[in-house]
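Participant: model the following, please.
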Amino acid sequence: MSSDFETYEQDFGTITADITNKIGRIPKISGEEKTQLVLNVDKQLEEVRELLEQMDLEVREIPVQSRAMYNSRLKSYKQEMEKLEKDFKRSRIAYSDEVRNELLGDDASSSESQLIKLREERAHLLDNTEKIERSSRRLEAGYQIAVETGYTN
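Facilitator: Residues are numbered from 1 along each chain as shown. Okay, the predicted model is just below:
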């Protein structure tokens with residue numbers, strides 16, 4: 001069973017590396033190529049979600065004494081998936097800004113600095129949101145530990 005899990009891990013690593021590469025390319029290209037790349041990344045993210053589901057099923061079949069190790073690995077893969085989805089969302093936001101500007105025909109010289117500032121602010125807000133979500137997960141985990149050990153009222 002663990003060999004299936006390890007095969008899924010290898011597939012996860014390969015696909016996520018490819019996704020990371022493509023996410024980095026999205027803001028640098030334009031037109032139909034960019035549209036196809038966005039669709040391709042979206043499809044690969046769905047493949048990764050399915051892989052994580054398969055890994056989750058495999059972990060349930062692993063003997064109890066080994067399960068904790070596999071659960072922690074699976075948890076880290078899920079966190080990596082969340083990060084990839086956020087990075088993809090950021091690249092798509094930049095992409096939608098460019099498309100909007102192309103359609104509206106904005107004056108590039110006056111709006112370019114505003115666009116840069118807006119992207120920086122948006123990225124800052126997304127980073128802060130990510131930090132808040134991580135902190136919330138840590139608080140929830142701490143609360144669960146407190147409940148399990150009997151330190152709550």
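Participant: enumerate the positions of the host helix or strand of residue 24 that are buried.
Facilitator: For residue 24, the host element (DSSP states H and E) is helix 2-25. By 16 or more other Cβ atoms under 10 Å, the buried positions in helix 2-25 come out as 5, 8, 9, 12, 15, 16, 19, 22, 23. Where C-beta positions appear, they are placed from N, C-alpha and C, glycine not excepted.
Participant: contacting residues around the second one?
Facilitator: When contacts are counted by Cβ atoms under 8 Å, 6 or more residues apart in numbering, residue 8 is found next to 51, 54, 55, 58.
Participant: same deal with the last one?
Facilitator: Taking Cβ under 8 Å, 6+ apart as the definition of contact, the neighbours of residue 23 are 41, 84, 87, 88, 91.
Participant: select from the residues you listed the one having the most neighbours.
Facilitator: Taking other Cβ atoms under 10 Å as the neighbour criterion, residue 41 ranks highest of these with 23 neighbours.
Participant: do you know how far the closest residue to that one other than its chain neighbours is from residue 147?
Facilitator: Nearest residue to residue 41, sequence neighbours excluded (Cβ to Cβ, 6 or more residues apart in numbering): residue 22, at 5.0 Å. Separation of residue 22 from residue 147 (Cβ to Cβ, to the nearest Å) stands at 42 Å.
Participant: same deal with residue 66?
Facilitator: Between residue 66 and residue 147 the computed distance is 26 Å (Cβ to Cβ).
Participant: next: residue 130.
Facilitator: Distance, residue 130 to residue 147, using Cβ to Cβ: 26 Å.
Participant: so if I had to pick from the two, which one is more boxed in?
Facilitator: Legend: neighbour count by other Cβ under 10 Å for residue 130 and residue 147, higher for residue 130 (13 against 10).
Participant: where does pLDDT dip in this structure?
Facilitator: Per-residue confidence for the chain (pLDDT under 70) gives these ranges: 1-2, 94-111, 151-153.
Participant: lovely, talk soon.
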